[in-house]
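**Student:** what's the 3D shape of this:
(2 chains)
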Amino acid sequence: AQSVTQLDSHVSVSEGTPVLLRCNYSSSYSPSLFWYVQHPNKGLQLLLKYTSAATLVKGINGFEAEFKKSETSFHLTKPSAHMSDAAEYFCVVSEGSARQLTFGSGTQLTVLP
Amino acid sequence: GAVVSQHPSWVICKSGTSVKIECRSLDFQATTMFWYRQFPKQSLMLMATSNEGSKATYEQGVEKDKFLINHASLTLSTLTVTSAHPEDSSFYICSAPAGSETQYFGPGTRLLVL
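**Tutor:** The predicted structure is shown next:
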């Protein structure tokens, strides 16, 4: 069985400061891991994905995440937050062919001016 | 990237009526699509897997007679909420896998049952 835990329900940062959104996963097999972003009343957009290639994954809009098997973590980072980054972020895990996804509870990112 | 559309984007209906939501893959074929439900301030919960040409697979606790799924073609899946009640009010999102590793999500349908 697979599961994912997002450690913070809310994160607040100032514009221009680093962002860290934490995610831990549990999987019986080699997982695929994803980060999705959801802006208010919008659908989900894929930020980045890990599928057993390089452990440091670069995504869109300056985000990146590092897969650490020893820590079962897949934290999302960005060096400098922008106001437009304010949204809900979901860490997602999948086993096998990535066809059935398990979502974390989400982290609401607030960016202060 | 691949595009998935949903229609309608929002719907308001009276209690007891049925509502149909369409999910289309616009530039790729999808033999499988997924339907999720998201309540306010909560995460997405998988409701069912829609399979083209065969019956849908429902997650535990989801009433198959209430949430009817039809995957009539390689680009279209529909979710019908039958005899909707206020507790069915939610944000319904579909997704379709393109390739083996990535799923693309529709923009969602917001349902409000009065």
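
**Student:** What residues does chain A have near chain B?
**Tutor:** Proximity of chain A to chain B, by Cβ under 8 Å from any Cβ of the partner chain, involves residues A:32, A:34, A:36, A:41-46, A:49, A:51, A:90, A:97-106. Glycine gets a C-beta too; all of them are placed from N, C-alpha and C.

**Student:** Poorly predicted segments of the chain, please.
**Tutor:** Going with chain A. For chain A, applying pLDDT under 70 flags the ranges A:96-99.

**Student:** think we crossed wires, I meant chain B
**Tutor:** B:1, B:100-101.

**Student:** So what sits opposite residue 36 in the bridge?
**Tutor:** Picking chain A for this. Taking DSSP bridges as the rule, residue A:36 bridges to residue A:46, residue A:90.

**Student:** The intended chain is chain B.
**Tutor:** Beta-bridge pairing for residue B:36 (DSSP bridges): residue B:46, residue B:93.

**Student:** hang on, it packs against residue B:48?
**Tutor:** No - in this structure, residue B:36 is not within contact of residue B:48 by Cβ atoms under 8 Å, at 9.1 Å.

**Student:** which SS class is residue B:87?
**Tutor:** helix (DSSP: H, G, I helix; E, B strand; the rest coil).

**Student:** residues contacting it?
**Tutor:** residue B:113 (Cβ atoms under 8 Å, 6 or more residues apart in numbering or on different chains).

**Student:** For it, give its distance to residue B:15.
**Tutor:** Distance, residue B:87 to residue B:15, by Cβ to Cβ, to the nearest Å: 10 Å.

**Student:** Residue B:21 too?
**Tutor:** In this view, residue B:21 and residue B:15 are 17 Å apart by Cβ to Cβ.

**Student:** near chain A, which residues of chain B show up?
**Tutor:** Contacts of chain B with chain A, taken as Cβ under 8 Å from any Cβ, map to B:1, B:6, B:32, B:34, B:42-46, B:49, B:93, B:95, B:97, B:100-108, B:110.

**Student:** do that again at 10 Å, thanks
**Tutor:** Within reach of chain A by Cβ under 10 Å from any Cβ of the partner chain, chain B has these residues: B:1, B:4-6, B:9-10, B:32, B:34, B:36, B:38, B:41-46, B:49, B:57, B:59, B:91, B:93-97, B:99-108, B:110.
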